[in-house]
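Visitor: Below are the sequence and a predicted model; questions follow.
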Amino acid sequence: MTDRVSIDVIDRIRPTVAQVAQGYAKRLPGMQHCDIRVEASEGVGAYAENGTPKGSGEERGFSFGVRVLAEQGGAVAPGYYGKSLGAADVDNIGKTLREGVRHAYDRARASATHKAASRGRFGKLGESLYDSALASVDIHVDTINAVYEQDPRQLSLEKIMGQLIDVSKAVGGTSSKVRYNGAGAMSLLIRDLFCSSNGSNIDHTYAQTEAVVFVMVNGDTGPLELYDFNGHHRGWEIMERGYDHEYIVAPDLMSFATDLAQQAVATADAPPLPTSDGDVTVVTDPHYNTLLVHEIVGHPSELDRAMKMEAGYAGRSWLLNSINDTQIGKQIASPLVNAVSDATIEGYGSFPYDHEGTPARRVWHIRDGIFEEFLNSRQTAEILGVAPNGGYRANDAAMVPLVRMTNTFFLPGESTPEDLVKDVEHGYYVKGHRVPSIAESRENFRISANQVYEINHGELGQLYRDGAIQADSKDYFTHVDGVGTDFKMYPIPNCGKGQPMQAKRMGNGGPTMRSMAKVVGP
Amino acid sequence: MLPLAQLKRAVQEAVAYLRTVPDVAEAEVFASSNANLLTRLSYTSNIPSNGVEEPKSLESDGIGLRVVFKGGSPLLVGFGSESGDMSLTAVREALDKARKGAVRDPEFVSLPRLGDRPRKSISNYHDRKLMHLTDRQLVELGWAVVDGTLDAFQSSEELLEWAKSPDAIPDLGLILTGDVIVLQERIALGGTHHDHVLTDESALITSMSTSMVEQQFSKGTGWHVGSRLDEFQGTSGAEAARNAIRAAGGSRVPDGEYRVVLGPQPVTDLINNLLIPSVQLGTFQAWASAFEGKLGKRIASPLLSVYDHGALRGHAASKGITDEGLPTGRTDLIRNGRLVGLLSNWYETQRILHDPDAKEKLGVDPAKRRKAIAPRNGFRTGPGGGRHFDRDPGVTPTNVIIDGSETVPSEELLRRVGNGLYIGRIWYTYPINGITQADFTCTVIGDSYIIRDGRIAEPLKPNTVRINDNLRRVLNGILGIGDTRKPTIVWSADEMVHAPEIAVEALHINEIGEFLEAES
């Protein structure tokens, strides 16, 4: 009988994975590069609605993915393969991996043949069909362990379900206007193994605990639905006690859920926000800026998107027209604006190495208002002629990684959030992010907020619902005239990218900020 | 992929075993084997690119159980699954997981009742060639699209005119991105409460392409959806390239309200992101539909009808049975402007029938409208499609058909608009204030034109317009519905929408992105 899969399976198969990547794969004719990722996970999850249990269970995952660059016919092309595995696969893992490598290799070689033919056939248009290559990185052999107090593998389903039911009942009990609520949570240990043909061998385990709460309220001015996420790379202790660490915002689950419900109840009675005739002063809180930095800094700074690779799905980036025509070195924002991606600091997007073995580091996107650097992969870095900076990740080993934000945030400034409001004669305080909509090259946005308060003579006044701010991104950046000291970071667990769509987890945040934008109501 | 016979045998053995387990009251067994084969395309004329960027696949197989355990009330129900194994060992593991995670859900009524003679709505509707695609064939599908696009670029007189010389054509910033997807699905389903093991096998092929001539600020798209390999022509890229070239030299329009013709893609995007979420029974259950309390009432122009049909032979999203073993079929959603039905699965239908607030939520007594909430859409979809053993059945549309009580040619739609816009492609279409409010926003990203005097006059420059409006206003402001439907897909959606062009009285438009032109 085969043992149930646990993350300990990685210990057992690590030598085999390395051997396939560094032995078997390298012997295949024309092979330029091979890497294999394996992921194993275990933990628990549960969901409650309106104070009653809906479902719970163990969560176990086991999968692998292969990337190959191979030469044939005078060209080099990539090929990939991904598969979900189970306990029955462990005893034959070498054979399974070799089959996966073979599929990826055959695809790469077939594609290389076609690429060479198309180059010849299409003359000048064929010249940009290049030989796939990866910028070099150092070889790393490393093991990184998870940090947690309550081991997700030991967490009882009764405990997590019981707490979710209590939370759901409390949310429902907030007000008779709460008509429906849902609360879900999971706590996992995830272990990633990366082995490449050049010798890298990285074993990284991390905890991931996350909750989502959804509240539907029937207010005086109509129904209102709000939802939000809470989570961190720790065990269930963060849901019971919260997590208090500098800028990380992770309240205990009960406080998180009931605060959201109270916010929904208060807002559902408010009038809808009237649309302004033109731009007005807006002060945005850290939670709102979490989605703002995500959409108008993080995404356009992803180099695969900037290189048009996502033009058919998630669009391009106004930060790059061509290799020789970018915004690098140009003033794109007020000198008060600074933004980075940094997987080395604590946050929901933290990791030591990305999914091609590149060590994480801080990547400066905007420094004193000047655009400085894209987040990249080895492939895109090689094209642009820069060093890889650790942005290549997938949400499962069977999926092909993409360039993804890590912890991407606005850096704090020197103004207190109170002063940013006090200085406003008339404007709006925009609190909590809700739903985004971004233009194709991220050059314009409309992002709705949980609450919008009118500011008159430096004081918060009327609360409005169903409000958003809308602006061209560069106009918004250049009008930033205040950046707060109150830096906060939040989890974003549902960033969609790629085909098939991958919903990736990351950290985003910022301080309170002030700029100009149109406020838009229904 | 695993053979269908193996899935069927695994389910039979699992059911036989589960009947012997003392604490199992009833159980449903679902085995599946899926493959998502995809070539992602990326070509740029002035940036090094691969052409076929990612020839890849995603495979999974396994077995999943839904189990009702004996004793007590409410019923104790659990779910468990095992990946990569369908032996009795895997079934025991899955049962153990289901037992450990079982909960007493007061709204759970029963597992699906298939009747004495469970049946498939359609059989033998899949293409065997699609089920046996080789690595080489997968790669060839992608290169067919890339080569077709490069042919279109190379033979274009317009591109040569703009570039002034053949050598300078790449400097125009030509782009092709997109994908070719082949989805292969096999399932087997059985249960302790019936004797039959149902099986189903389905496959589809789609190709979606976006092309740009960046120097001309133009963008065009092309796409194809089919259920047979021999339907694939590899022409979506060339179509996108020609559309991009055709849309060059566009103009901006100022803020305002415009009459518009919405093309199949914008219709599909609005249907997928705004309408479908609001016509699911589960959304009504949560008080969250934009049409709460309005089943049976008018919610749209009498011109409009919309239905979901999962049993249409030859349609790419058709299935023989749902992932709950129930027949697929037609669910009328909107008929001549009236909301007449909702998409549902077994669980949602059963719980609304026992919900004391059901009449307030729906606006009618569900017991008197059972046909309107028949569970024809219980599927176990995952990222990239597929019918997954490790998921509980949710509610997923299949083939969504937009119809009109009166349909007219495209030229008539343009004539009815008079002066306005033809919107061919929108993006990031989201319910900006939540599903209930039905407000939406999106940007216009390509394939769009300015209409003057009832005719297409000139291209509308892409990425210069944001639409901010409300779904209810759109549905009630229909001027006309086109007579030609095109099966249309949008990114990350599971359903195929067979969408015509639709003319609408008014959409609110904001001009955006002026700074980009100031810089170029």
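Guide: That came through, no problem.

Visitor: can you map out the helices along the chain?
Guide: Just going to use chain A. A:9-19, A:25-27, A:93-121, A:123-126, A:157-172, A:237-241, A:253-268, A:286-293, A:303-306, A:378-384, A:417-422, A:473-478 (DSSP state H).

Visitor: if you could check chain B rather than the one you did, that'd help
Guide: Counting by DSSP H, the helices of chain B are B:4-18, B:88-101, B:128-131, B:135-154, B:157-163, B:236-246, B:264-270, B:276-278, B:281-285, B:346-353, B:358-362, B:410-417, B:471-476, B:514-519.

Visitor: For the last one, buried residues please.
Guide: Within helix B:514-519, the residues that qualify as buried by neighbour count (16 or more other CB atoms under 10 Å in any protein chain shown) are B:515-516. (Each C-beta comes from the backbone N, C-alpha and C, glycine too.)

Visitor: who does residue B:59 bridge with?
Guide: On the basis of DSSP bridges, residue B:59 is bridged to residue A:83, residue B:35.

Visitor: burial of it, as a residue count?
Guide: Look at residue B:59: counted by other CB atoms under 10 Å in any protein chain shown, it has 23 neighbours.

Visitor: that older thread, among the helices of chain A, which is nearest residue A:498?
Guide: Nearest to residue A:498 among the helices of chain A is helix A:303-306; the distance by CB to CB comes to 9.5 Å.

Visitor: Can you tell me the strand partners of the lowest-mean-pLDDT helix or strand in chain A and which way each runs?
Guide: The weakest-scoring helix or strand in chain A, judged by mean pLDDT, DSSP states H and E, is strand A:243-245 (a mean of 90). Its sheet considered, strand A:243-245 pairs with strand A:248-250 (antiparallel) by DSSP bridges.

Visitor: which residues sit against the partner strand?
Guide: A:230-232, A:238, A:242-243, A:286-287, A:346-347, A:488-491, A:509 (CB atoms under 8 Å, 6 or more residues apart in numbering or on different chains).

Visitor: got the contact list for residue A:445?
Guide: A:292, A:295-296, A:436-439, A:470-471, A:473, A:476.

Visitor: Most neighbours among these, please name it.
Guide: Of all the contacts of residue A:445, the most densely surrounded is residue A:439 (29 neighbours; neighbours counted as other CB under 10 Å).

Visitor: contacting residues for the closest residue to it other than its chain neighbours?
Guide: Closest residue to residue A:439 apart from its sequence neighbours, by CB to CB, 6 or more residues apart in numbering or on different chains: residue B:443 at 4.5 Å. Listed by CB under 8 Å, 6+ apart, the contact set of residue B:443 reads A:437-440, A:444, B:426-428, B:463, B:465-467, B:512.

Visitor: Export the helices of chain A to CSV and append columns for distance to chain B.
Guide: Listed next are these as CSV, based on distance: least, CB to the nearest CB, whole Å:
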stretch, distance to chain B
helix A:9-19, 12
helix A:25-27, 16
helix A:93-121, 4
helix A:123-126, 5
helix A:157-172, 6
helix A:237-241, 18
helix A:253-268, 10
helix A:286-293, 12
helix A:303-306, 9
helix A:378-384, 5
helix A:417-422, 24
helix A:473-478, 5
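
Visitor: out of the ones you listed, which comes closest to residue B:409?
Guide: For the helices of chain A, the distance to residue B:409 is smallest for helix A:123-126, at 37.1 Å, taking CB to CB.

Visitor: Present the helices of chain A as JSON lines; the columns should include distance to residue A:138.
Guide: What follows is those, written out as JSON lines (distance: least, CB to CB, whole Å):
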{"stretch": "helix A:9-19", "distance to residue A:138": "17"}
{"stretch": "helix A:25-27", "distance to residue A:138": "19"}
{"stretch": "helix A:93-121", "distance to residue A:138": "23"}
{"stretch": "helix A:123-126", "distance to residue A:138": "34"}
{"stretch": "helix A:157-172", "distance to residue A:138": "41"}
{"stretch": "helix A:237-241", "distance to residue A:138": "34"}
{"stretch": "helix A:253-268", "distance to residue A:138": "41"}
{"stretch": "helix A:286-293", "distance to residue A:138": "30"}
{"stretch": "helix A:303-306", "distance to residue A:138": "20"}
{"stretch": "helix A:378-384", "distance to residue A:138": "12"}
{"stretch": "helix A:417-422", "distance to residue A:138": "42"}
{"stretch": "helix A:473-478", "distance to residue A:138": "35"}
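
Visitor: okay, those in TSV with distance to residue B:371 and mean pLDDT next?
Guide: Output for the helices of chain A, formatted as TSV (distance: least, CB to CB, whole Å; pLDDT from 0 to 100):
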stretch	distance to residue B:371	mean pLDDT
helix A:9-19	50	97
helix A:25-27	57	94
helix A:93-121	47	98
helix A:123-126	56	96
helix A:157-172	33	97
helix A:237-241	44	97
helix A:253-268	34	98
helix A:286-293	42	98
helix A:303-306	46	97
helix A:378-384	54	98
helix A:417-422	56	98
helix A:473-478	49	97
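
Visitor: out of these, nearest to residue B:269?
Guide: helix A:303-306 (20.0 Å).

Visitor: Looks like residue B:42 contacts residue B:53 (just checking).
Guide: Yes: counting by CB atoms under 8 Å, residue B:42 does reach residue B:53; the two are 4.0 Å apart.

Visitor: closest one to residue B:164 among the helices of chain A?
Guide: helix A:123-126 (13.3 Å).

Visitor: Tell me which other helices or strands that closest one touches.
Guide: If you count contacts as 3 or more CB pairs under 8 Å, 6 or more residues apart in numbering or on different chains; DSSP states H and E, helix A:123-126 packs onto helix A:93-121, helix B:135-154.

Visitor: so can I have TSV of these showing distance to residue B:70 and mean neighbour count?
Guide: TSV is the format used below for the helices and strands packed on helix A:123-126 (distance: least, CB to CB, whole Å; neighbours: other CB atoms under 10 Å in any protein chain shown):
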stretch	distance to residue B:70	mean neighbour count
helix A:93-121	39	22
helix B:135-154	48	23
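
Visitor: So for residue B:64, which of those sits nearest?
Guide: helix A:93-121 (21.4 Å).

Visitor: Okay, now the unreliable bits of chain B?
Guide: B:117, B:519-520 (pLDDT under 70).

Visitor: OK, now which residue of the stretch 301-450 of chain A is nearest to chain B?
Guide: residue A:312 (3.6 Å; CB to the nearest CB).

Visitor: Could you provide the helices of chain B in TSV, with additional columns for distance to residue A:421?
Guide: What follows is these, written out as TSV (distance: least, CB to CB, whole Å):
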stretch	distance to residue A:421
helix B:4-18	62
helix B:88-101	48
helix B:128-131	60
helix B:135-154	53
helix B:157-163	51
helix B:236-246	47
helix B:264-270	38
helix B:276-278	36
helix B:281-285	38
helix B:346-353	45
helix B:358-362	41
helix B:410-417	46
helix B:471-476	35
helix B:514-519	28
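
Visitor: Columns distance to chain A on top of those, output as JSON lines?
Guide: Converted to JSON lines, those look like this (distance: least, CB to the nearest CB, whole Å):
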{"stretch": "helix B:4-18", "distance to chain A": "12"}
{"stretch": "helix B:88-101", "distance to chain A": "3"}
{"stretch": "helix B:128-131", "distance to chain A": "16"}
{"stretch": "helix B:135-154", "distance to chain A": "4"}
{"stretch": "helix B:157-163", "distance to chain A": "10"}
{"stretch": "helix B:236-246", "distance to chain A": "9"}
{"stretch": "helix B:264-270", "distance to chain A": "12"}
{"stretch": "helix B:276-278", "distance to chain A": "11"}
{"stretch": "helix B:281-285", "distance to chain A": "8"}
{"stretch": "helix B:346-353", "distance to chain A": "10"}
{"stretch": "helix B:358-362", "distance to chain A": "9"}
{"stretch": "helix B:410-417", "distance to chain A": "24"}
{"stretch": "helix B:471-476", "distance to chain A": "11"}
{"stretch": "helix B:514-519", "distance to chain A": "5"}
